[in-house]
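Visitor: have a look at this prediction, sequence included:
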Amino acid sequence: MSQGKLIGRPSAGRLNMFFYDPKLKKKLPYYDTFPLVLPLESISGGFMGLNFHYLPYLLRFRLLERLQKFADGGMKSTTKFEATYDDVKGINLIKPTIKKYLYSHVRSQFLRIDFDEAALAVYLPVQQFRKAGTSRVWSDSRRMI
């Protein structure tokens, strides 16, 4: 985190990593405390986005490929995804990844992942699930798709 591009709010159109402590963690079957999220829309007090960690590595990459059509140009660091929930809701891979995040429960700055680093970022094994292991989370996600 200390070596990247840290910002105070999530970077729209780019992947972001941050530490998170969910408001409803006692009710959730499991959750990720270090999400990798592509923000899609603002919500009251936060944002909604796609957390790639809820998918196994190959499916993360496939989702990233499907989202390429929403990129505004080339494999440059300045390229952004221009997608809303309405744009992506028909992609079957997103169902397990849609999450809401409240700013009051964010526990760090946001690490911006530039477009040209996105493919590498989705393969990093940095998910930090609580209350369940990665294999259960990914198994549940496969069933949702």
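Guide: Sure thing, it's come through.

Visitor: show residues contacting the top strand by length along the chain.
Guide: Ranked by residue count, the top strand of the chain under DSSP state E comes out as strand 36-43. With contact meaning C-beta atoms under 8 Å, 6 or more residues apart in numbering, strand 36-43 is reached by 10-18, 47-53, 67, 81, 83-85, 88, 99-101, 113, 121-122, 124, 126-127. No exception for glycine: its C-beta is placed from N, CA and C like everyone else's.

Visitor: which of those residues are buried, as a PyMOL select command?
Guide: Those of the contacts of strand 36-43 that count as buried under 16 or more other C-beta atoms under 10 Å are selected in PyMOL with:
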select buried, resi 10+11+12+13+14+15+16+17+18+47+48+49+50+51+52+53+67+81+83+88+99+101+113+121+122+127
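
Visitor: which ones among the contacts of strand 36-43 lie within helices?
Guide: Leu67, Tyr85, Val88, Ala121, Val122 (DSSP state H).

Visitor: pLDDT-wise, which helix or strand of this protein ranks last?
Guide: strand 5-7 (a mean of 88; mean pLDDT, DSSP states H and E).

Visitor: contacts for that strand, please.
Guide: By C-beta under 8 Å, 6+ apart, strand 5-7 touches Gln109, Phe110, Leu111, Arg112, Asp114.

Visitor: could you find the closest non-adjacent residue to the last one?
Guide: Closest residue to Asp114 apart from its sequence neighbours, by C-beta to C-beta, 6 or more residues apart in numbering: Ser77 at 3.9 Å.

Visitor: the one you found and Lys5, how far apart?
Guide: Distance, Ser77 to Lys5, by C-beta to C-beta, to the nearest Å: 10 Å.

Visitor: what touches both of the two?
Guide: Asp114.

Visitor: still on that earlier bit, distance to Val37 and pLDDT for the ones in helices among the contacts of strand 36-43 - can I get that in CSV?
Guide: CSV is the format used below for the ones in helices among the contacts of strand 36-43 (distance: C-beta to C-beta, whole Å; pLDDT from 0 to 100):
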residue, distance to Val37, pLDDT
Leu67, 13, 96
Tyr85, 13, 96
Val88, 13, 97
Ala121, 11, 96
Val122, 12, 97
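
Visitor: fine by me, we can end here.
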